[in-house]
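Engineer: coords please:
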Amino acid sequence: MDPTGGCPHAANAALLTRGAVAPVVLPGEVPAMAVLGHEALREFLGHPDVAKGAEHFTALREGRIPDGWPLKTFATVRGMTTADGADHRRLRSLVSKVFTARRVEALRPGIERLTEELLDGLADAAGTDSGRGGAVDLRARFALPLPMSVISELLGVDAEFRDRLHVLSTQLVSTDIGPEEAMAANREMVAVLGAVVASRRARPGDDLTSALIAVRAEDGTAADHGADTDVDADAGARADTPTSGDRSDRLSESELIGTLLLMIIAGHETTLNLITNAVRALCAHRDQLELLLEGRADWADAVEETLRWDSPVSYFPFRYPTRDLTVDGTLIPRGTPVLAGYSAAGRDPSVHGPDAGRFDLARRPSSAMTRHLSLGHGVHYCLGAPLARMETTIALRQLFTRFPGLKVAVTEEELPRQRSFVGNGVRELPVVLG
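Structural biologist: Residues are numbered from 1 along each chain as shown. A predicted model of the protein is given here:
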């Protein structure tokens, strides 16, 4: 895997010609596997003998993964994405109350207002009001602050913490980062989230962080503020993880910090990439944009086709077979770290046809099983998927309705890519509003 990231699609296509499952080498010469065919990935994500808990990661358990390994946090952070069975159900149930269909729909008016305000700022920044019409970074001024503001409001993250949390999130998902920088980012992320928790303890509100703190207070464990909060600790020894004898809603301090970390990253990085990838796709396919502007296609179709065609997450770490497992004819040994190849599966011609590489809003999957997998599958399906879809649909509709002549100001090759094979997106998106 190229730690510097870049556009994944050419490499994905080459891998897919060799099979749906491929051996790969992670940074630090760590052997792994990637599942990148659509059907193979769907099977693997839902397989009962595949786990998320880092205690199943053989190399980590045996001490062969050093501190500062750029992907270690993905394995060791304590939260829904690294929990299995009853622990996963417990953590997911605590968080899911924020993402009910009713609560997400109630956010719509606020998201629409925020989108309009950000577009006003975008216009001012571009100088359109004075007729200058200069280029402006759509990512920094629109695609980033929209989901970051929404997830921060849901979590109760004060404005003073948000910019730093984004910078640290970017560092934590980077696969092209040195050990010292990785560990420093990890420590600072824990410290900043600790400050967020302290703020909500002092001033509780109607937000998820306050609700999770209240769960700990009810259980008599809210006083251990600094206990065991290193998200990069060896997850093989989870001393503070609740056991079957504990209350079903008990939440440890490390789980509280880990849950906030995961929700901050997933709650804004994924949607940020989805918005920017959709804007790039529509600007590059003006015929498809015209269908939307003329009402002959729905903006929700643009979101779904972007999720398939240019997934906001390329290769997501990690899952581990709990026994030797054969997927699509390829053996994946027990305890091997496996990447979920979402960007590759979205363009798998064996499922999406010989034109899988074409961006087409009229595309219709033949069944639910052939729909894209970019938001996951099975018990770990993305909890925030309805919110991400709503935010992106509103963002695209209002952006292009207001600026139908919007164009990307540079060529696709000139756009700086994220330095990660996990996230799939660009670091800047200069546009001319028109």
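
Engineer: quick one: the lowest-mean-pLDDT helix or strand in the chain to chain centroid distance?
Structural biologist: Least confident element among the helices and strands of the chain, by mean pLDDT, DSSP states H and E: helix 208-218 (a mean of 81). Relative to the chain's own centre, helix 208-218 is displaced by 24 Å; criterion: Cα atoms, centre = their mean, to the nearest Å.

Engineer: Name the residues that touch that helix?
Structural biologist: 94-95, 97-98, 154-157, 196-197, 200-201, 204, 222, 249-251, 253, 256, 259-260, 263 (Cβ atoms under 8 Å, 6 or more residues apart in numbering). All C-beta spots, glycine's among them, are computed from the backbone N, C-alpha and C.

Engineer: can you pull the buried residues of that helix?
Structural biologist: Buried residues in helix 208-218, counted by 16 or more other Cβ atoms under 10 Å: L208, T209, S210, A211, L212, I213, V215, R216.

Engineer: a markdown table for these, including distance to L114?
Structural biologist: Shown next, in a markdown table, are the buried residues of helix 208-218 (distance: Cβ to Cβ, whole Å):
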| residue | distance to L114 |
| --- | --- |
| L208 | 19 |
| T209 | 20 |
| S210 | 22 |
| A211 | 23 |
| L212 | 24 |
| I213 | 26 |
| V215 | 29 |
| R216 | 31 |
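
Engineer: Which single one of those residues is nearest to D360?
Structural biologist: Lowest distance from D360 to the buried residues of helix 208-218 (Cβ to Cβ) belongs to L208, with 37.6 Å.

Engineer: that older thread, mark which of the contacts of helix 208-218 are buried, thanks.
Structural biologist: Counted by 16+ other Cβ under 10 Å, the contacts of helix 208-218 give 94-95, 98, 154-157, 196-197, 200-201, 222, 250-251, 253, 256, 259-260, 263 as buried.

Engineer: Quick check: V157 vs G79, distance?
Structural biologist: Taking Cβ to Cβ, to the nearest Å as the measure, V157 falls 16 Å from G79.

Engineer: How about E413?
Structural biologist: 37 Å.

Engineer: One more: V432?
Structural biologist: Distance from V432 to G79, by Cβ to Cβ: 41 Å.

Engineer: These two - which one has more neighbours?
Structural biologist: G79 (23 against 16; other Cβ atoms under 10 Å).

Engineer: now the strands for the stretch 251-400 of the chain?
Structural biologist: Listed in chain order, the strands found in the stretch 251-400 of the chain under DSSP state E, counting those that start in this stretch are 315-321, 325-327, 330-332, 338-341.

Engineer: Comparing those strands, which comes out most buried?
Structural biologist: Highest mean neighbour count of these: strand 338-341, a mean of 26 (counted as mean count of other Cβ atoms under 10 Å).

Engineer: Check which strands are paired with that strand and give the direction for each one.
Structural biologist: strand 30-35 (parallel), strand 315-321 (antiparallel) (DSSP bridges).

Engineer: tell me the mean pLDDT for the longest one?
Structural biologist: Across strand 315-321, pLDDT averages out at 97.

Engineer: Dump it to CSV, restricted to CA.
Structural biologist: Extracted in CSV, the C-alpha atoms of strand 315-321 (Å, rounded to 0.1, in the frame of the first residue of the first chain):
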residue,chain,number,x,y,z
TYR,A,315,-9.4,1.1,2.4
PHE,A,316,-10.6,1.0,6.0
PRO,A,317,-8.7,-0.9,8.8
PHE,A,318,-9.2,-3.4,10.4
ARG,A,319,-11.0,-6.7,10.6
TYR,A,320,-9.5,-10.1,11.6
PRO,A,321,-10.6,-13.6,10.9
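
Engineer: hey, which helix is longest across this structure?
Structural biologist: helix 253-284 (DSSP state H).

Engineer: in it, what's buried?
Structural biologist: For helix 253-284, using 16+ other Cβ under 10 Å, the buried residues are 253-283.

Engineer: Arrange the strands paired with strand 338-341 in JSON lines, one row each, with distance to T306 as further columns.
Structural biologist: Listed next are the strands paired with strand 338-341 as JSON lines, based on distance: least, Cβ to Cβ, whole Å:
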{"stretch": "strand 30-35", "distance to T306": "22"}
{"stretch": "strand 315-321", "distance to T306": "17"}
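
Engineer: Nearest to L71, out of the ones you listed?
Structural biologist: Using Cβ to Cβ, the nearest of the strands paired with strand 338-341 to L71 is strand 315-321, at 5.3 Å.

Engineer: from the chain's centre, how far out does that closest one sit?
Structural biologist: With Cα atoms, centre = their mean, you get 14 Å for strand 315-321.

Engineer: again with stretch 194-204
Structural biologist: Distance, centroid of stretch 194-204 to centroid of chain: 25 Å (Cα atoms, centre = their mean).

Engineer: what's near enough to touch R419?
Structural biologist: R419 touches P3, T4, G5, S174, T175, D176, I177, counting by Cβ under 8 Å, 6+ apart.

Engineer: neighbours around T100, how many?
Structural biologist: 11.

Engineer: Then R164?
Structural biologist: 14.

Engineer: The one 5 residues further on now?
Structural biologist: Summarising burial for S169: neighbours were counted as other Cβ under 10 Å, giving 22.

Engineer: Tell me who's in contact with it.
Structural biologist: Contacts of S169 by Cβ under 8 Å, 6+ apart are M189, I264, I265, H268, E269.

Engineer: what does the model give the third one for pLDDT?
Structural biologist: To tie it back to what came earlier, the one meant is I265. For I265, pLDDT reads 94.

Engineer: helix or strand for the residue lying closest to it once chain neighbours are set aside, which one?
Structural biologist: Leaving aside its chain neighbours, I265 sits nearest to S169 (4.7 Å; criterion: Cβ to Cβ, 6 or more residues apart in numbering). In this structure, S169 is located in helix 159-173 according to DSSP states H and E.
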